[in-house]
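Enquirer: Curious how this folds, go ahead:
(4 chains)
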2 protein chains.
Amino acid sequence: MATIKDVAKKANVSISTASYALNNKPNVAKETKERVLKAARELGYRPNIIARRLKTNKTGNVGVFIYGFGGPIFSDLLEAIHIELLKEDLNLIVSTGKSSTKMLQEKLIDAAIIFDAFMEDDDIIRFAKERPVITLDRKLVGKNSYSSRVKNEELVYGFIKEITKKGFKKYAYLSGPKDNLDNIDRYRGYQKALLEVGIENISKFEGDYTVEKGYLIGEEIAKLKEKPEFIFCANDEMAVGLIRALKNNKIYVPHDISVAGFDGIELGLYINPQLSTIKIDYKGWGKKIAKNIIDLLKKTTKVTITNPEGYFNYKGTIK
Amino acid sequence: MATIKDVAKKANVSISTASYALNNKPNVAKETKERVLKAARELGYRPNIIARRLKTNKTGNVGVFIYGFGGPIFSDLLEAIHIELLKEDLNLIVSTGKSSTKMLQEKLIDAAIIFDAFMEDDDIIRFAKERPVITLDRKLVGKNSYSSRVKNEELVYGFIKEITKKGFKKYAYLSGPKDNLDNIDRYRGYQKALLEVGIENISKFEGDYTVEKGYLIGEEIAKLKEKPEFIFCANDEMAVGLIRALKNNKIYVPHDISVAGFDGIELGLYINPQLSTIKIDYKGWGKKIAKNIIDLLKKTTKVTITNPEGYFNYKGTIK
DNA sequence: TTGTAGGCGTTATCAA
DNA sequence: TTGATAACGCCTACAA
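Expert: Residues are numbered from 1 along each chain as shown, chains lettered A, B, ... in the order given. Predicted structure coming up:
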């Protein structure tokens, strides 16, 4: 592999001059520069990013750490982030699980966006001592450390407030993992809205955000004597599984039971009827966060982190 | 950030001794080693992977480059790869588009797995001069360069051979992007199977692998006077969109038209009826490829690259 | 068993 | 406008 040394030799200049030429520094003669660039081209020279990094402490990479590659919400988020980063010639690196933590520790990235509740606050804080982080899955604010959150409580509250006008009596909540922060906030909004109209007992089923679990809970509910009239699922995927199980047990949505979810995933559009849900603008969110990260890396201005928008869709699986 | 220098100073040893101790070399006295490790712990020392890499030419990262984060087949593939890599303490880095090419050039990874037809052969070949690559989306075999492919032609041929026994007369093919290699191979198998039973004119619609395009083609087909009796879609996502458009136009699958897809994505299980398809074992594939990569990195044995399995599901959207 | 020193490929300081 | 050289943090002969 050709190094800058080879280029310098071939162009008959010193290493430092070669470096200047290759990095577009203004202090190098036009003719010299051309000679260097030509040599580089002919040798197929590529700067060794590792060596550069050792010197400059910059990689040109932004890491996005997610809790799994399966989540349908991530594709929009990642796609949008990627587009923005490319505009600034930054690379996007995606990782998950233990790999993420290691990348954070090894600082192979200039900045991080975190959407993985399994990652430890401590690791994030340590990283944030030197580089900016935006977390999307927790409240973690400090030096270099920002948080952008879906307005879970507010959105669910507003959504359910409307639902209560339909006069349902028996409500249920299908939760995500019980220590998941988004899930907790969504439940809080749910509970608040119902309490305000005097409904206190909400039957609660514990899920895990997967279609499969939603299906299992659906089968469970199908066997109940006293069925809920309205079930709010902490995410769309569980709602899809739930509805499917109900249908297989000849319980029809929304005729027999009304169901709603959260996220607005594409899958929800392709079941019949379409899933009622609280749709989050993940694309818009990704774009905004990426812009924030870019600003943070530039350190030019004060950076204001924004939260994503949400929209209600009552049609479909609600009577 | 604490460096090995700080650790050495704190433990009152030389840098090299600190390095030996931290890397578990056998030549260091037990007591010294303990002193070094203690110092490292107290300083929160983390080796700078960048510096190490510069010296050893190893990163401990494996890159997987995909054509987009939206593809539902990738989640299984990535998840499986990730699990295998972790067993060997290798990190998984995922990237797409231009970022992928840059990572390849900058060699931030020890090996690459490529499933992105937009990446250039040249870039891959250059990378493969020094490190192993497995491509999943093209035929590219050479030094350090291996190819693992879905048996598109063979699978579609076998599947359609069975279909022809049902006695359909009018066949259509909904293609992927017309220069996509998988798509071309799938069509070849389709054509071959039909030719063998004397069917020569296949009406062909050009799609792009997306649900949206499938939907548009579905609307187009709904307007045709002479409709096909069986439509094979080059992937499941288009099939889902197609079926949905047909249903919206009161054409029912499989009652009026039979449809099948390719991939076996989860979404296909949640439409009604379930999508008939050629299911690829993406999880198994990911596991195998990851193992291959690990072997290649170890350079121990001759490595044999395997192809993924496929399974037929005729039930659901085929009459 | 420990320490000295050279080098991985860059960038950047300073002198020429 | 160019060149010599010292870092960046780590590993590893080789010497002690």
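Enquirer: only C-alpha atoms for contact and neighbour calcs from this point on.
Expert: Fine.
Enquirer: so what's A:Thr300 scoring on pLDDT?
Expert: We have a pLDDT of 67 for A:Thr300.
Enquirer: nearest spatial neighbour of A:Lys169, skipping sequence neighbours?
Expert: Closest residue in space to A:Lys169, ignoring its immediate chain neighbours: A:Glu229 at 6.9 Å, by Cα to Cα, 6 or more residues apart in numbering or on different chains.
Enquirer: List the residues that contact the one you found.
Expert: By Cα atoms under 8 Å, 6 or more residues apart in numbering or on different chains, the contact list for A:Glu229 reads A:Phe168, A:Lys169, A:Lys170, A:Tyr171, A:Ala172, A:Asp256, A:Ile257, A:Ser258.
Enquirer: of all those residues, which comes closest to DNA strand C?
Expert: A:Ala172 (59.2 Å; Cα to the nearest atom of the strand).
Enquirer: Quick check: which ranges of chain A have low pLDDT?
Expert: A:300 (pLDDT under 70).
Enquirer: one more time with 80
Expert: In the predicted model, chain A carries pLDDT under 80 at residues A:1, A:70-72, A:299-301.
Enquirer: All the strands of chain A, residue numbers only.
Expert: With DSSP state E applied, chain A shows strands at A:61-66, A:91-96, A:111-115, A:133-135, A:145-147, A:171-175, A:203-206, A:230-233, A:258-263, A:276-280, A:310-313, listed in chain order.
Enquirer: burial of A:Glu309, as a residue count?
Expert: If you count neighbours by other Cα atoms under 10 Å in any protein chain shown, A:Glu309 ends up with 14.
Enquirer: where does A:Cys227 sit relative to A:Ser276, distance-wise?
Expert: Check again: residue A:227 is Lys, not Cys. 19 Å (Cα to Cα, to the nearest Å).
Enquirer: These two: which has the busier surroundings?
Expert: Counted by other Cα under 10 Å, A:Lys227 and A:Ser276 do not tie: A:Ser276 has more neighbours, with 25 against 16.
Enquirer: Export the strands of chain A to TSV and append columns for distance to chain B.
Expert: Output for the strands of chain A, formatted as TSV (distance: least, Cα to the nearest Cα, whole Å):
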stretch	distance to chain B
strand A:61-66	9
strand A:91-96	5
strand A:111-115	14
strand A:133-135	17
strand A:145-147	18
strand A:171-175	19
strand A:203-206	22
strand A:230-233	17
strand A:258-263	16
strand A:276-280	16
strand A:310-313	20
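Enquirer: now those in CSV, with distance to B:Asn27?
Expert: As requested, the strands of chain A are exported to CSV (distance: least, Cα to Cα, whole Å):
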stretch, distance to B:Asn27
strand A:61-66, 38
strand A:91-96, 36
strand A:111-115, 39
strand A:133-135, 41
strand A:145-147, 42
strand A:171-175, 55
strand A:203-206, 54
strand A:230-233, 59
strand A:258-263, 57
strand A:276-280, 58
strand A:310-313, 61
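Enquirer: do you know which of those lies nearest B:Lys283?
Expert: Ranking these by proximity to B:Lys283 (Cα to Cα) places strand A:91-96 first, at 16.7 Å.
Enquirer: could you give the angle of that closest one to strand A:111-115?
Expert: Strand A:91-96 and strand A:111-115 are oriented at 40 degrees to each other (axes from the mean of the first three to the mean of the last three Cα atoms, to 10 degrees).
Enquirer: Just the residues contacting strand A:91-96, thanks.
Expert: Here strand A:91-96 has contacts from A:60-69, A:81-82, A:85, A:116, B:92-96, B:98-99, B:102, using Cα under 8 Å, 6+ apart.
Enquirer: rerun that using 7 Å as the cut-off
Expert: Here strand A:91-96 makes contact (Cα atoms under 7 Å, 6 or more residues apart in numbering or on different chains) with A:60-68, A:82, A:85, B:92-95, B:99.
Enquirer: Measure how that strand sits relative to strand A:61-66, angle-wise.
Expert: 30 degrees.
Enquirer: and whichever residue of the stretch 151-300 of chain A sits closest to DNA strand D, how many residues sit next to it?
Expert: Going by Cα to the nearest atom of the strand, DNA strand D is nearest to A:Leu297 of the stretch 151-300 of chain A, at 19.6 Å. If you count neighbours by other Cα under 10 Å, A:Leu297 ends up with 13.
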